[in-house]
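In: Okay, here's the prediction I keep looking at, along with the sequence it came from:
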Amino acid sequence: MSALEKRAASARVQAAWAALARVQDPEIPVISLCDLGVVRDVREAGGVLEIVLTPTYSGCPATEVIAQDARTAVEAAGLGPAATVLQRAPAWTTDWISPAGRAALRAYGIAPPGPVPPEQAQPICVTRRRQPPVPCPRCASRRTERIAPFGSTPCKALYRCLDCREPFEHFKPI
């Protein structure tokens with residue numbers, strides 16, 4: 001590949017990233033797939049732009065919609081044919097959510113997960129165990145309680161603030 005072709009390929013990949021940055025998650029429509037950390041890579045493969053996606057969990061019901069939305073965005077941007085590749089390893093982690101994504105979740109009323117140091121990582125557990133308080137995304141109070149292990153999706157839990165009395169979801173750290 002010539003230097004000119006490499007620059008053009010790089011520009012095409014950059015444009016694809018820009019298009020993907022505008023694609024919202026279908027379950028949480030205030031955060032982009034890129035800010036959620038689901039888009040792992042964009043690469044050229046024989047004239048096709050491959051979009052590498054890592055679902056938030058292997059059974060995520062929105063995976064097909066996410067893949068279709070990503071392909072549609074890249075093709076609608078006039079960047080040529082696009083394909084999606086699902087990459088399940090390494091597994092998605094909430095550490096991949098960008099600072100802008102965390103702010104968008106908080107503004108939407110979902111308490112974003114904090115970082116999980118590797119030595120403290122644990123699998124998601126639906127039984128009660130001692131966990132640090134989850135701050136309310138509306139009033140920032142740390143006086144909150146979990147009222148259900150699952151929210152609108154399996155990757156979130158339902159909480160209530162004991163000060164402002166508002167319910168909210170918490171994105172489970174994994």
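Out: Nice, thanks for sending it over. Numbers count the residues shown, from 1 in each chain.

In: Residue nearest the middle of this protein, spatially speaking?
Out: Taking CA atoms, centre = their mean, the centroid of the chain lies closest to Leu36, which sits 2.3 Å from it.

In: how close does that one get to Ala16?
Out: 17 Å (CB to CB, to the nearest Å). Using the backbone N, CA and C atoms, a C-beta is placed for each residue, glycine as well.

In: per-residue confidence averaged over stretch 66-73?
Out: For stretch 66-73, mean pLDDT is 97.

In: That one: which residues count as buried?
Out: Counting neighbours by 16 or more other CB atoms under 10 Å, one finds that the buried residues in stretch 66-73 are Ile66, Ala67, Asp69, Ala70, Arg71, Ala73.

In: can you dump the C-alpha coordinates of the stretch of helix or strand the second one belongs to into CSV?
Out: Ala67 belongs to helix 63-76 when assigned by DSSP states H and E. The C-alpha trace of helix 63-76 is given here as CSV (Å, rounded to 0.1, in the frame of the first residue of the first chain):
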residue,chain,number,x,y,z
THR,A,63,-26.2,-6.7,20.4
GLU,A,64,-27.9,-7.2,17.0
VAL,A,65,-29.4,-3.7,17.0
ILE,A,66,-26.0,-2.2,18.1
ALA,A,67,-24.3,-4.0,15.2
GLN,A,68,-26.9,-2.8,12.7
ASP,A,69,-26.8,0.8,13.9
ALA,A,70,-23.0,0.8,13.7
ARG,A,71,-22.9,-0.5,10.1
THR,A,72,-25.7,1.9,9.1
ALA,A,73,-23.9,4.9,10.6
VAL,A,74,-20.7,4.2,8.8
GLU,A,75,-22.4,3.5,5.5
ALA,A,76,-24.6,6.5,5.8
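
In: what's the following helix or strand after that helix?
Out: Toward the C-terminus, helix 63-76 is succeeded by strand 82-86 as the next helix or strand (DSSP H and E).

In: Centre of the chain to that next one, how far?
Out: Strand 82-86 sits 17 Å away from the centroid of its parent chain (CA atoms, centre = their mean, to the nearest Å).

In: With stretch 164-174 instead?
Out: In this view, stretch 164-174 has its centroid 16 Å away from the chain centroid, taken as CA atoms, centre = their mean.

In: Please apply the same query to stretch 75-94.
Out: On the basis of CA atoms, centre = their mean, stretch 75-94 is displaced by 13 Å from the centre of the chain it belongs to.
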